[in-house]
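Participant: 3D model of this:
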Amino acid sequence: MPHSNIYQLILSRRTIRRFQQKEIPGETLSELVQAARLAPSGSNLQPLTSIIVNRKELLPEVFFTTRWAGYITPKGTPSPEERPTAYIVVLINRNIRAAGGYHDSGAAMMSMILAAWEKGIGSCWIGSVEREQLAALLAIPAHFEIDCVLALGYPAEQP
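Facilitator: So this is what the prediction gives:
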């Protein structure tokens, strides 16, 4: 892709908080995780792991562990018929990087966000997460720290 197209992609991207209830193909979600995996990583330690959540029965449970721009609630919170159709949970493996890793996570998130937008998929980067509750729900081992969650879906709004 020519650099000017990347720049236009960056300029056009906006946070999406309202989604169509159209399923994102699993292959597409895997491609987004691949984009995250190829993002820069301090000392090339690659301490990140991602969990794709797209099973219909888990989506509402994950939704309730996230806080959607709480300072603008209820405007910032999607209604049940506008909720994300997938999530990608980004984890830092504390056995690989004992502290930090947040810059790695930021680079990975931005790679996924731009890759998603290029495919017509909107996203909302969520840092306000009930981490213990989400870790229990997804049976995440203790040596992983949940850094953030990427909510995904085809846009139902144009912010």
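
Participant: thought Pro47 was touching Ile96, still the case?
Facilitator: Yes - look at Ile96 against Pro47 with C-beta atoms under 8 Å: they come within range, at 4.0 Å. Using the backbone N, CA and C atoms, a C-beta is placed for each residue, glycine as well.

Participant: these two: who's more crowded?
Facilitator: Neighbour count, other C-beta atoms under 10 Å: between Ile96 and Pro47, Pro47 has more, with 21 against 14.

Participant: so which residues of the chain form helices?
Facilitator: 3-12, 26-37, 59-63, 102-118, 131-137 (DSSP state H).

Participant: any idea which of those helices gets closest to Asp147?
Facilitator: helix 102-118 (4.4 Å; C-beta to C-beta).

Participant: any weak-confidence spans in this structure?
Facilitator: Along the chain, the parts satisfying pLDDT under 70 run over 1-4, 70-75.

Participant: which residue, neighbours along the chain excluded, lies closest to Ala36?
Facilitator: Closest residue in space to Ala36, ignoring its immediate chain neighbours: Ala108 at 3.8 Å, by C-beta to C-beta, 6 or more residues apart in numbering.

Participant: the one you found and Gln8, how far apart?
Facilitator: 22 Å (C-beta to C-beta, to the nearest Å).

Participant: repeat for Ile126
Facilitator: Distance from Ile126 to Gln8, by C-beta to C-beta: 26 Å.

Participant: of those two, who's got more company?
Facilitator: Just comparing Ile126 and Gln8: by other C-beta under 10 Å the higher neighbour count belongs to Ile126, 20 against 12.

Participant: just to check, that one is in contact with Leu152?
Facilitator: No - Ile126 lies out of contact with Leu152 (C-beta under 8 Å); the separation is 10.9 Å.

Participant: isn't Gly76 right up against Arg17?
Facilitator: Yes - using C-beta under 8 Å, Gly76 is in contact with Arg17, at 6.2 Å.

Participant: what's the overlap in contacts for those two?
Facilitator: The contact sets of Gly76 and Arg17 overlap at Trp68, Ala69 (C-beta atoms under 8 Å, 6 or more residues apart in numbering).

Participant: which one of these two has more residues nearby?
Facilitator: For Gly76 versus Arg17, neighbours defined as other C-beta under 10 Å are more numerous around Arg17 (25 against 14).
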